[in-house]
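K.L.:
Pasted the sequence and its predicted model underneath.
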Amino acid sequence: MIPKPQPHGWGFFICGKLSYDYGGSERYAGARETMEKTRQIILPEAWSQQRPWLDHPEADIDAYVASLGKLPDYDLQAKLHAWKRDGIVIFEGAVSHKAIDAYLADIDLLIRNFRDYEIPVEVKGKQLSSREMDAFPDDLTGVKLNQMHWFSKTAARLSLTPQVTDFLKHVFRAPPTVCQSLTFWRGSEQPIHIDYPYVREQNPLSFLAASWVPLEDVHPDAGPLGYHPGAHNIERSGFFDWGEGSIIHDEHSQRTPMEFAQHLWARMAAEGISRQEFCPKKGDVLIWHGNMPHEGTRVKDPSRTRKSYVSHYTAEWAAPDWMRNHDIFGRPVGLFENGGNSFQPPWVDTLPVLPSWGRGRPLTARTVNNLARKLINRFR
């Protein structure tokens with residue numbers, strides 16, 4: 001029996017104007033203004049006209065792999081076939097426990113010193129800056145940390161896990177670029193959804209994928225991730241009209257996320273696609289297609305955590321300009337390793353970051369101007 005979606009307080013943190021509209025922070029006014037200019041109605045044709053090569057029926061995976069020189073240390077051919085068939089691939093033990101523990105230490109530092117930072121946090125659906133919080137809930141129920149890859153180098157390193165960046169390089173045929181990250185402490189119980197209506201600043205829209213890294217072993221009673229293999233095929237999932245024919249969600253949408261969930265459940269039932277649950281070990285990683293229906297399943301034991309870190313990616317050339325940042329010498333700002341990119345956008349230049357980034361800040365036009373203002377004020 002297919003479960004019905006239930007109302008909940010889960011709020012979406014989208015890669016766009018609404019994403020940074022928490023707490024009215026003036027620090028992010030430039031980000032809101034920049035992304036507001038990109039608002040538009042996106043029709044199904046925008047998805048269909050330009051898709052990654054593996055989404056085309058005629059994609060010849062065997063010929064592609066045969067054309068490569070040096071192959072990675074995993075079975076690329078099998079993984080690409082699985083991606084085309086299921087929209088999901090899993091790498092077991094791909095992330096070192098040391099890397100995960102380093103990120104957990106950053107989270108602990110943030111929670112103990114949250115007023116020292118301006119990190120976007122969601123608490124039971126409410127978006128705000130960590131500096132504006134009274135306190136973190138004791139058990140972190142309903143808490144989601146957003147865009148930690150901007151503020152924590154250990155988070156950015158998880159996003160740029162070698163097998164993930166290498167595989168997505170072949171999916172996009174371009175270096176993958178992180179466009180969003182989410183950190184969960186407990187199961188979200190988020191109803192079934194697809195990412196691209198919310199994570200939709202990339203152009204083309206269809207150049208989107210995500211990774212899910214468990215920060216601990218996930219118990220079946222903790223509300224594991226659920227997904228629907230094969231439903232990434234647009235002919236099976238269908239498009240959802242949010243209003244005026246648009247397939248993306250924004251503040252002007254005439255339909256709700258719950259209606260979207262109901263649409264997807266109906267499609268899964270009609271297509272006979274059952275849900276699978278992901279109960280991984282710490283350090284495994286699951287990568288899903290940007291059109292993969294997925295959800296947070298029911299938490300059967302509220303005492304259990306489900307610590308996880310999610311990254312969304314697009315191709316380097318498809319990333320929006322507002323995401324990119326360079327210092328005064330023309331060098332990109334962020335973390336760039338294992339063939340992937342994790343930019344720190346310009347408005348993060350003058351915000352405090354966690355110590356894992358190291359000492360000092362990049363010399364960008366914004367940081368130089370900020371320093372000049374401080375010097376002028378000091379000697380007035």
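P.N.:
Looks like it came in fine.
K.L.:
got the residue ranges for the strands in the chain?
P.N.:
In the chain, the segments counted as strands under DSSP state E are 88-91, 120-123, 126-129, 143-146, 176-184, 209-214, 225-227, 276-278, 285-289, 294-296, 308-315, 334-337, 340-343.
K.L.:
Mind checking those for the one nearest to residue 236?
P.N.:
strand 285-289 (11.8 Å; CB to CB). Any C-beta I mention is one placed from the backbone N, CA and C, and that applies to glycine too.
K.L.:
Go through the closest one and flag the buried ones.
P.N.:
By neighbour count on 16 or more other CB atoms under 10 Å, the buried set for strand 285-289 is 285-289.
K.L.:
Repeat that for stretch 338-345.
P.N.:
Buried, per 16+ other CB under 10 Å, within stretch 338-345: 338, 340-345.
K.L.:
next one: stretch 51-58
P.N.:
Counting neighbours by 16+ other CB under 10 Å, one finds that the buried residues in stretch 51-58 are 51-52, 54-55.
K.L.:
export these to JSON lines and tack on pLDDT and distance to residue 274?
P.N.:
Converted to JSON lines, these look like this (pLDDT from 0 to 100; distance: CB to CB, whole Å):
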{"residue": "51", "pLDDT": "94", "distance to residue 274": "26"}
{"residue": "52", "pLDDT": "97", "distance to residue 274": "26"}
{"residue": "54", "pLDDT": "98", "distance to residue 274": "23"}
{"residue": "55", "pLDDT": "97", "distance to residue 274": "23"}
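K.L.:
Just the closest of those residues to residue 63, please.
P.N.:
Nearest to residue 63 among these is residue 54, at 12.7 Å by CB to CB.
K.L.:
My read is that the closest one contacts residue 83, right?
P.N.:
Yes: taking contacts as CB atoms under 8 Å, residue 54 lies within contact range of residue 83: 6.1 Å.
K.L.:
So for the two, which residues contact both of them?
P.N.:
Common contacts of residue 54 and residue 83 (CB atoms under 8 Å, 6 or more residues apart in numbering): residue 171.
K.L.:
Residue 285 bridge partners, please.
P.N.:
With DSSP bridges as the criterion, residue 285 is bridged to residue 91.
K.L.:
you'd agree it is up against residue 163?
P.N.:
Yes: with contact defined as CB under 8 Å, residue 285 counts as touching residue 163 (7.2 Å).
K.L.:
thinking again about what came up before, farthest pair in the buried residues of strand 285-289?
P.N.:
Across the buried residues of strand 285-289 (CB to CB), the longest gap, 14.7 Å, separates 285 and 289.
K.L.:
so where is the stretch 1-150 of the chain shaky, pLDDT-wise?
P.N.:
For the stretch 1-150 of the chain, applying pLDDT under 70 flags the ranges 1-39.
K.L.:
Do a quick rundown of the helices in it.
P.N.:
29-36, 44-49, 61-67, 76-86, 97-112, 148-151 (DSSP state H, counting those that start in this stretch).
K.L.:
what does the second one contact?
P.N.:
When you say that, I think you mean helix 44-49. 196, 204-206, 234, 239, 245, 247.
K.L.:
So which of those is the closest to residue 216?
P.N.:
Of the contacts of helix 44-49, the one sitting nearest to residue 216 (CB to CB) turns out to be residue 196, at 28.6 Å.
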